[in-house]
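[1] Pasting a predicted model and its sequence here:
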Amino acid sequence: MQEEHLEKAISAAIRAGYQVDKATFDFMSTLPNIVDPQELMMSVIRQMEDLSEKPMFVDSALLKSEAEKRLQEFESERPKFAEPSSTEEGKAALFQPYAKEVNSDLKVIEDPTHNIQSGATLQDYTDYFRDRFRRVSRLLRQRLDVREATSIPEALKSSNKRKTKIICIVMEKRESKRGIFLNVEDLEATATVYMPLNGKNPAANKVRSVPLDQVICIDVVKAKNNLLVAEDLLLPDLPNRKPNKAPVAAHAALISDLHIGSKMFMEKELRRFILWLKGDFGDEKARLLAGHVKYIIIAGDVVDGVGIYPQQIDELVIKDIYKQYSAAAAILQDIPDYIDIVIIPGNHDGTRRALPQPAIQRKYAEPLYEAREIFSVGNPSVVSFNGVNILITHGTGLDDIIASLPGMSFQDPSKAMTLLLQCRHLAPTYGQRTPLAADKRDFLVIDNLPDVFHAGHIHTMKYGLYRGTVIVNSGAWQRQTEYQKELGHIPNPGIVPIVNLETLEVIPVDFRGS
């Protein structure tokens with residue numbers, strides 16, 4: 001992740017005997033993903049070491065100059081989208097897509113569509129959370145440092161000052177000046193856990209960053225009056241591992257949030273993307289990249305829907321959801337037929353709002369199903385492209401994470417997505433913005449280890465890497481809405497992250513034009 005590289009960059013400067021002022025730190029914090037802060041800092045340090053007089057602070061002018069060089073190098077190498085001077089016939093003759101010769105290898109590994117059995121009674125929700133507790137507990141016990149964890153009743157029966165570990169679900173958090181109180185429970189009992197705030201306790205920040213209703217392991221010490229004092233906290237997390245990579249150089253284009261039907265829908269830019277896929281747009285380097293695209297994932301909100309939020313009707317150019325899907329079909333049918341398309345629903349699509357969502361209902365989207373072959377699956381789903389496992393979710397669970405936990409923002413959804421991977425759950429908290437259905441099984445638990453984690457919903461294209469998993473939020477095809485203006489949220493739509501499945505490199509391609 002970019003944040004980890006920034007921390008390492010600052011540490012490298014300090015170890016080399018330099019100080020970093022606030023202006024330099026702020027500049028490095030805003031570096032785009034294409035510039036590695038750690039590599040940039042090491043380059044600047046090497047240059048400063050050659051100076052006759054060693055400065056006290058990192059040279060900010062030199063740092064900015066080196067960053068600018070890297071950005072210019074990136075711009076010179078990235079695909080250009082000005083029309084070439086050759087004729088349309090000449091361009092067609094030159095375009096020989098590599099992906100057309102690659103055999104499709106698409107497998108649906110997880111799809112909740114035909115297994116949803118939602119209930120509405122108190123017992124149904126009790127069964128749902130019991131299933132979550134058992135499933136996440138099993139993931140926790142795969143960690144060597146959790147295997148000896150015991151139950152809450154056993155911890156409460158232990159002698160004073162004895163250390164142990166418990167697996168529990170967080171029901172409530174309360175913070176005072178001296179510490180943080182957690183109300184937790186397991187399948188047998190409840191307990192109060194106290195995390196003291198003495199000094200700079202790093203474990204306290206872990207507690208602050210844990211969502212409600214998340215299953216965790218806590219290192220505790222038995223105190224008087226059945227109080228458990230926390231020393232550390234562990235999440236299920238992903239193990240460090242090498243991800244799967246494809247044996248061929250097939251690429252996947254990850255998009256979401258088309259919002260067809262909205263007045264802010266960027267139709268010109270989306271059609272430019274499709275022209276690019278057909279080899280009819282861009283220079284030679286751009287078309288070479290386009291020719292490697294074998295798969296497209298649309299992670300929800302194909303259309304803007306109707307009645308999704310108050311006064312939405314005033315922001316619609318197509319006020320009928322059936323006609324919205326007809327318009328979507330007319331656009332998507334132009335995508336070359338050798339490219340496989342996977343679609344999941346979002347909160348604006350024609351299916352239920354509560355998670356998990358079944359695939360978009362055919363009764364709303366018949367034209368979409370008839371226009372071309374698509375793989376329509378539920379939210380969330382796991383698919384495999386040439387052996388690369390991709391976890392797809394629309395991303396509504398990110399709303400609660402960003403709104404309720406420190407250090408999260410709509411401008412960098414990759415941070416919130418990383419936390420969901422650490423939690424091994426796509427929407428832990430019940431009763432806030434994200435509606436959860438009481439299914440017999442919690443389909444939002446991340447059982448499979450994803451090589452790529454793809455979400456949308458936030459309308460901010462951002463990507464990163466966490467423990468072997470490529471994290472991609474795919475942005476949108478909708479200009480800033482009035483609601484986003486009120487929130488001060490500035491999206492960056494019209495940028496498509498392309499994933500090289502052979503290397504897992506992410507290549508952002510901007511279709512916004514000048």
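    Cool, the structure landed. Bear in mind that the values here come from a model prediction, so they are computed numbers and not experimental data.

[2] Which secondary structure state does the residue nearest the centre of the chain sit in?
    Nearest residue to the geometric centre of the chain (Cα atoms, centre = their mean): residue 417, 4.0 Å. Classification of residue 417 using DSSP: H, G, I helix; E, B strand; the rest coil returns helix.

[3] just for the stretch 1-150 of the chain, where's the confidence low?
    Along the stretch 1-150 of the chain, segments meeting pLDDT under 70 span 1-4, 33-34, 71-93.

[4] any idea where the helices of it begin and end?
    Secondary structure of the stretch 1-150 of the chain (DSSP state H, counting those that start in this stretch): helices at 2-15, 22-29, 37-49, 60-77, 88-94, 122-140.

[5] looking at these, which is closest to residue 504?
    Closest to residue 504 of these is helix 2-15 (Cβ to Cβ; 16.4 Å). Glycine gets a C-beta too; all of them are placed from N, C-alpha and C.

[6] That closest one: which residues count as buried?
    2, 5-6, 8-10, 12-13 (16 or more other Cβ atoms under 10 Å).

[7] quick one, whichever strand or helix holds residue 233 and helix 122-140 angle?
    For residue 233, the enclosing helix or strand under DSSP states H and E is strand 227-234. Here strand 227-234 runs at an angle of 60 degrees relative to helix 122-140 (axes from the mean of the first three to the mean of the last three Cα atoms, to 10 degrees).

[8] by contact count, what packs against strand 227-234?
    In terms of contacts (3 or more Cβ pairs under 8 Å, 6 or more residues apart in numbering; DSSP states H and E), strand 227-234 is packed against strand 190-196, helix 202-208, strand 215-222.

[9] Most tightly packed of these?
    Of all the helices and strands packed on strand 227-234, strand 215-222 carries the top mean neighbour count, a mean of 23, counting by mean count of other Cβ atoms under 10 Å.

[10] Show me how far that strand is from its chain's centre.
    For strand 215-222, the separation from the chain centroid amounts to 28 Å (computed by Cα atoms, centre = their mean, to the nearest Å).

[11] Determine the next helix or strand in the C-terminal direction from the strand holding residue 233.
    The element immediately downstream of strand 227-234 (helix or strand, assigned by DSSP H and E) is strand 251-255.

[12] what mean pLDDT would you report for that following strand?
    Averaged over strand 251-255, pLDDT sits at 98.

[13] Can I get it in PDB, CA atoms only?
    The C-alpha trace of strand 251-255 is given here as PDB (Å, rounded to 0.1, in the frame of the first residue of the first chain):
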ATOM      1  CA  HIS A 251      -6.000  -8.400 -19.400                       C
ATOM      2  CA  ALA A 252      -9.200  -7.600 -17.500                       C
ATOM      3  CA  ALA A 253     -10.900  -4.200 -17.600                       C
ATOM      4  CA  LEU A 254     -12.500  -3.400 -14.200                       C
ATOM      5  CA  ILE A 255     -15.400  -0.900 -14.400                       C
END
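
[14] which helices and strands sit right next to the next helix or strand after that strand?
    Following strand 251-255 in sequence order, the next helix or strand is helix 267-277 (DSSP H and E). The helices and strands touching helix 267-277, judged by 3+ Cβ pairs under 8 Å, 6+ apart, are strand 251-255, helix 284-290, helix 321-332.

[15] If we go by neighbour counts, what in helix 267-277 is buried?
    Neighbour count says helix 267-277 has 269-270, 272-277 buried, by 16+ other Cβ under 10 Å.

[16] Show me which of the buried residues of helix 2-15 is closest to residue 370.
    Taking Cβ to Cβ as the measure, residue 370 sits nearest to residue 2 out of the buried residues of helix 2-15, at 42.9 Å.

[17] which residues does residue 494 contact?
    266, 269, 475-477, 510-512 (Cβ atoms under 8 Å, 6 or more residues apart in numbering).

[18] The helices of the stretch 1-150 of the chain: which one's closest to residue 293?
    That would be helix 88-94 among the helices of the stretch 1-150 of the chain, by Cβ to Cβ, at 16.7 Å.

[19] domain parsing for this protein?
    With domains defined by automatic domain parsing, the chain comprises 2-77, 105-115+240-510, 144-234.
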